[in-house]
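A.B. asks: Here is the input, now give the coordinates:
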Amino acid sequence: MGSSLVPGERERQLRDLCAELGRRLRAGEACRVEVYLEQHPELADDEDAVIELLYAEYVVREERGEEPAPEEWYARFPQWRDRLGRLLEFHRILEAEEEEGWLLAEEKSPPRSSATLTLEGPALPPLGAFELIEEIGRGGMGVVYKARQSALNRTVAVKVILAGGLAGPRERERLRFEAEAVAKFHHPNIVQVFEFVERGDLPYIVLEYVEGCNLAEFQRRSERRVDWSARLIETLARAIHHAHQRGIVHRDLTPANVLIAVDETPKISDFGLAKSLAQEGSTSLSGSFLGTPRYMAPEQVTGRSRDVGPPADIYALGAILYELLTGVVPFQGTTPLETLRQVLEDVPEAPSRVRPDVPADLETICLKCLEREPGRRYLSAADLAEDLRRFQAGEPILARPTSTMRRLLKWARRRPAEAALAALVVVAVAGILIAGFWSNAWLVRHGLALEDALARERGQAVAARTARLQAEQNERIARRHWSGSQIKLAQQAWEAGHIELAQELLANERLEPGRGDLPGFEWSYLHRLCHRDFSLLWGHTDSVYSVAVAPDGRSLASYDLGGNVLLWNRLPHRPWTARGLNSLPGSRAAVVPQSPSHTADPGARSEHGEVRLRDVTTGRGWTFLTGNAGIVNLLGFSPDGTALNVWDQTRPDGAEPLAPVDFTLRLDRSAPGRLFPRIFCLAHSSDGRFLATVGRDGRLSLRDATTGRERRSLRDTGSPIHYLAFSRDGERLAASLADAGLAVWETGSGRLLNVFKDHDAPVRQIAIAPDGTTLATIEGERQVVFRDLTTGRKWAVRAEAAGFVHAIAFAPDGRTLAMGGERLRTRLCDVATGAELAVFARESDIIRTLMFTPDGRTVILGGDDPRVRLWHLVPPLDDSSLAGHAVETWSLAFSPDGRTLVSGSDDHTIVVWDVAGRRKRLTLRGHESTVSDLAFFPDGRTLAAADFSRHVKLWDVEQGRELATLVGHVDRVRSVAISPDGKTVASAGSDLSLRLWDVASRTCRAILEGHDDTVRALAYSPDGRILASAGNDRKVILRDSLSGLPRLSWNAPSAVTSLAFSPDGTRLALGGEDRSVTIWEVADGRLLVTLRGHVHRVLTVAFSPDGESIVSAGEDRTVRLWDPVTGQERLTLKGHQAKVNAVAFSPDGRLLASGSHDGAMRLWHGPKEDSP
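C.D. replies: The predicted structure follows:
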């Protein structure tokens, strides 16, 4: 035989030599291994072959009664002392284990005692309350039977100790420990234990029976699928993590101990070798050599139980994954001992070398599990599961492949002799490169150091990234908590009557930095509620001195004493929002500085003599007229609303006024224009066409408001002018005179129409009615005087004795006047009679300016506090109620386009509502009892309706006709759901069954069982892959929507009344009879958060379409909105007088509908249609 032997021939040669050596030693010959190495010198260089021969010699000599000392072998083969030492230690441990009756798991057999339990024959004897049917498994410690428990009419598995009645205390305690360990688990992927029984001297465990086979058998008859393998190991990892969290390590995870049910649900079984992390005692078999060699972790091979923890199970999962991917185990020796040696010393071959199509990321995950050092494996089984999830989702995994250098280093440590020989060959062949060799060694050494440093740096980077992500998550959670508390406080303030505080809280929450632009339902609802009568605009930092409204009423400008001009925009039916000048249509403004018109009121001065336009949302601003002490006393929009005119009065030293300069602003740039003559008084027509100015010479000029060019000079009255005012149409101009007189001109012709000299006190303010026929003036401090310009008749209205009138304005219809001032509540009075019509409901500071919006529905107020007030004279109509059913409303559903709402009732009818018009469109009649649930098909036209008369009906809601009746249930139908593709109707109810109906054929294609009481809720996941059901038995079952087979199930805290998937399908909300709402992780049935606040049963739940809110309602008559992440209650909606049976969000999330047991229905309004 020569060295040219192929591997198979070499192994046969080695077996023959070992057998011959054994025969000669047993025959009494003094034969030794060295004889064969001389005869076959090619074996002397094969370390594995030499070790195998030495072990054969040692075992046979020991069998013959010799006591060979390890030192003899160390002296004969010193070069392999380390391996020989480990080999003989393995041998010693195995002998000790055999003496105690505990063997390697894969070599389990009944103990040698004659008392072994044997239950054989055509009919097995009963075991207590269990009728044994057949043996289904046997191991070194026990035997498992399939049995029937007659009392509960169920099939179970019974595990009995093989030693039967002669089982010792250790075996009994071990069986009890297994039962107690598994009893701690409540996981769908771990076999459930029912009870532990000691019947006389025979202890046994009653377990869940799993119909199917184990993974080893499943592998043999099924094709290996990469995706299925990854999903299986992820599921097993989450299950074993569940055990680890409860202090239990399995220690014998193998394909034989993983059961695969008929629906391919995996379940971990046989915790007979499990270890408790909390207890180190006999039941944990401390110091024992336990496990199945092919799946044992290196730390298990050493027999040191204290070193065996969760990483051992992670290793076993990696070994199973390796076998699933390649069809072979990572290590397989010719004997169990050889397998153990490979586990301890060798590195598994990369799966891709066995099966080239194994994905690289999955290979990395597998090899990380099989790392020899426990600390280099995944930190927990949950981390392994997460990496497998990432792989399946196509996301980057966290594990990194082993570098080439590290693999080389491992090989050198594993084969030191071969490594040394290779080094000597290199030196012999390249002796002249010795210096280069040492340099290379230096590079390798430093390369390894650099690799370690890079690894540390990568670890630090990963840790930093993880910390950053956690910090960002914490920030998001904190922001959600803050937002929720602001909204809740705003509702409390509104309920207590502190409406301004509520508005401020909402404004703060809405303007929070970093938030998105979309307002949530809760904020929008409260904003609408709190702004029914009046609104506050937040953004100024000082007293508001001047306001102006664009002709279309959609833009508003306001100026404060701090020199800030804020521009506000409002879409139809939306609140005002502040913005920058660049948001204005046309992006242009004209800024016209001008001298003061009088000294009685110095106006608004900025600190640095500048006018600033600022966007309060971003803080960005623009500055004009720097270097002068600015006084802004007038704002005005151009006729088309695209330009804002700002008139600033400037004085450098309080002496002569400066000549004003016309500025044209484009975005944030200003260009100087033409100089105006020095002027002392001005007015701007509300239609944006005219500017009236009074120069130093007292001449009154009418100018173009955009260009500033003079159109004409108006006739002088002979008395200095103090105040000017245009009529709304710009056709008349009025002026107050220094001699307490009043003059009126016609702007078209420049003709002086009237001069009135009969005023009793100086005129301080002027306003002209829109039709130009009535004039209002403030005389003195407390009196408002009206004058009919046609007849000259005048009449007066006086303010309170202690009040001062500062501002007046006509309504667009000219029949109402608004007045405000100091120690005077803003009010409206009838122009014709002077009678008071309305008083502003809120106390306010001094009002300096006011005006009506063009539609006359709102009065805008500005004064000595930094808020612009909007007094809504025509509050929005309350359109929140729908008058439909006279008796109980049981169910609600919006159509997919949100235009239609349907309601089902105890009156046996379905009402079809037009959402936009808030009107009843149709009433569907045909049900014989209560309509319990409703669901729209994706086409928005077809409706499924369940009722208590055992039927499900399909309706055409456009034509109001019945399409079909699905018959099959034998009791009340409580819930109905439509698959997202519209091909299947699911229904369930009091007959405990769940039926799947084929829409095309109108036939029942499946009847699903699993519930033990009424099924009250059904829902398809948004992607249509899962059908969830729950009800009075507390069971929550998630099924594959196509096959109907269960994928996951768990028990809720109480009977479930309703359920809803989140829009992304990752969470499931349950409403319960224990007054709580619970939110669960769909992937693994983990409870995420519990929402508590209801004081009676919760009857209905729903997610908002954006997933940011969850709504619940029930017997306490309230509708509550929650944050599904933090569990905060954000908003409580009150108004129902009976328990609330149903809630539903419109698909766009702008409406929330609720229906109660007295037939009442309400619509709660969130964001409007044109919300940003």
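
A.B. asks: For Ala557, give the beta-bridge partners.
C.D. replies: Ala548, Leu567 (DSSP bridges).

A.B. asks: shouldn't it be in contact with Phe637?
C.D. replies: Yes. Contact criterion Cβ atoms under 8 Å: Ala557 and Phe637 qualify, at 7.1 Å. Quick note: C-beta positions are derived from backbone N, CA and C, even for glycine.

A.B. asks: can you tell me which residues contact Trp955?
C.D. replies: Taking Cβ atoms under 8 Å, 6 or more residues apart in numbering, we find Trp955 in contact with Ile910, Leu924, Thr942, Leu943, Ala944, Ala945, Arg961, Glu962, Leu963.

A.B. asks: if you set the cut-off to 7 Å instead, what comes out?
C.D. replies: For Trp955, the contacting residues are Leu924, Leu943, Ala945, Glu962, Leu963, by Cβ atoms under 7 Å, 6 or more residues apart in numbering.

A.B. asks: just Ala740 next, same as before
C.D. replies: With Cβ under 7 Å, 6+ apart, Ala740 has these contacts: His759, Ala761, Pro762, Val763.

A.B. asks: Does anything pack onto the longest helix along the chain? Which helices or strands?
C.D. replies: Counting residues, the longest helix in the chain under DSSP state H turns out to be helix 434-495. Applying 3 or more Cβ pairs under 7 Å, 6 or more residues apart in numbering; DSSP states H and E, one finds that helix 434-495 contacts helix 404-414, helix 416-429, helix 499-510, helix 521-530, strand 1129-1133.

A.B. asks: redo that, cut-off 10 Å
C.D. replies: helix 404-414, helix 416-429, helix 499-510, helix 521-530, strand 1119-1122, strand 1129-1133 (3 or more Cβ pairs under 10 Å, 6 or more residues apart in numbering; DSSP states H and E).

A.B. asks: In terms of mean pLDDT, which of these ranks lowest?
C.D. replies: Sorting the helices and strands packed on helix 434-495 by mean pLDDT places helix 404-414 lowest, at a mean of 48.

A.B. asks: List the buried residues for stretch 478-491?
C.D. replies: Within stretch 478-491, the residues scored as buried using 16 or more other Cβ atoms under 10 Å are Arg480, Ser483, Gly484, Gln486, Ile487, Lys488, Leu489, Ala490, Gln491.

A.B. asks: Turn those into CSV, including pLDDT and distance to Lys794.
C.D. replies: As requested, the buried residues of stretch 478-491 are arranged in CSV below (pLDDT from 0 to 100; distance: Cβ to Cβ, whole Å):
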residue, pLDDT, distance to Lys794
Arg480, 83, 62
Ser483, 81, 56
Gly484, 82, 58
Gln486, 84, 52
Ile487, 85, 52
Lys488, 86, 55
Leu489, 87, 51
Ala490, 83, 48
Gln491, 83, 50
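
A.B. asks: Which single one of those residues is nearest to Trp1050?
C.D. replies: Closest to Trp1050 out of the buried residues of stretch 478-491 is Arg480 (26.7 Å), distances taken as Cβ to Cβ.

A.B. asks: Give me the spatial nearest neighbour of the closest one, chain neighbours excluded.
C.D. replies: The shortest distance from Arg480 to any non-neighbouring residue, by Cβ to Cβ, 6 or more residues apart in numbering, is to Thr1126 (5.1 Å).

A.B. asks: for the one you found, what are its contacts?
C.D. replies: Arg476, Ile477, Ala478, Arg479, Arg480, His481, Ser483, Gly484, Ser485, Val1089, Leu1091 (Cβ atoms under 10 Å, 6 or more residues apart in numbering).

A.B. asks: Looking at those, which one is closest to Ala1144?
C.D. replies: Nearest to Ala1144 among the contacts of Thr1126: Leu1091, at 18.5 Å, using Cβ to Cβ.

A.B. asks: right, and the helix or strand after the helix or strand hosting the closest one?
C.D. replies: Using DSSP states H and E, Leu1091 falls within strand 1087-1092. Helices and strands here follow DSSP H and E; after strand 1087-1092, the next one along the chain is strand 1098-1103.

A.B. asks: Direction included, what does the following helix or strand past that following strand pair against?
C.D. replies: Later in the chain than strand 1098-1103, the nearest helix or strand by DSSP H and E is strand 1110-1114. Strand 1110-1114 pairs in its sheet with strand 1098-1103 (antiparallel), strand 1119-1122 (antiparallel), by DSSP bridges.

A.B. asks: what's the spacing between strand 1110-1114 and its chain's center?
C.D. replies: Averaging C-alpha positions (Cα atoms, centre = their mean, to the nearest Å) puts strand 1110-1114 18 Å from its chain's average.

A.B. asks: now do stretch 971-991
C.D. replies: On Cα atoms, centre = their mean, the centre of stretch 971-991 falls 28 Å from that of its chain.

A.B. asks: End to end on it, go ahead and measure it.
C.D. replies: Stretch 971-991 has an end-to-end distance of 5 Å (Cα to Cα, to the nearest Å).

A.B. asks: Run a quick check on Gly562 versus Thr541, I expect a contact.
C.D. replies: Yes. With contact defined as Cβ atoms under 10 Å, Gly562 and Thr541 form a contacting pair (4.9 Å).

A.B. asks: which of the two has more neighbours?
C.D. replies: Gly562 (16 against 12; other Cβ atoms under 10 Å).

A.B. asks: Which of the three states applies to that one?
C.D. replies: Secondary structure for Gly562, judged by DSSP: H, G, I helix; E, B strand; the rest coil, is coil.

A.B. asks: Quick check: the gap between it and Ser543.
C.D. replies: 9 Å (Cβ to Cβ, to the nearest Å).

A.B. asks: just to revisit the earlier point, I'd like the strands paired with strand 1110-1114 as CSV, with distance to Leu14 and mean neighbour count appended.
C.D. replies: As requested, the strands paired with strand 1110-1114 are exported to CSV (distance: least, Cβ to Cβ, whole Å; neighbours: other Cβ atoms under 10 Å):
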stretch, distance to Leu14, mean neighbour count
strand 1098-1103, 68, 26
strand 1119-1122, 71, 25
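
A.B. asks: could I get the ones you listed as a markdown table with distance to Leu850?
C.D. replies: A markdown table is the format used below for these (distance: least, Cβ to Cβ, whole Å):
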| stretch | distance to Leu850 |
| --- | --- |
| strand 1098-1103 | 45 |
| strand 1119-1122 | 37 |
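
A.B. asks: Would you mind giving me the confidence score for Gly750?
C.D. replies: Gly750 is assigned 88 on the pLDDT scale.

A.B. asks: count of neighbours near it?
C.D. replies: For Gly750, the count of nearby residues is 15 (other Cβ under 10 Å).
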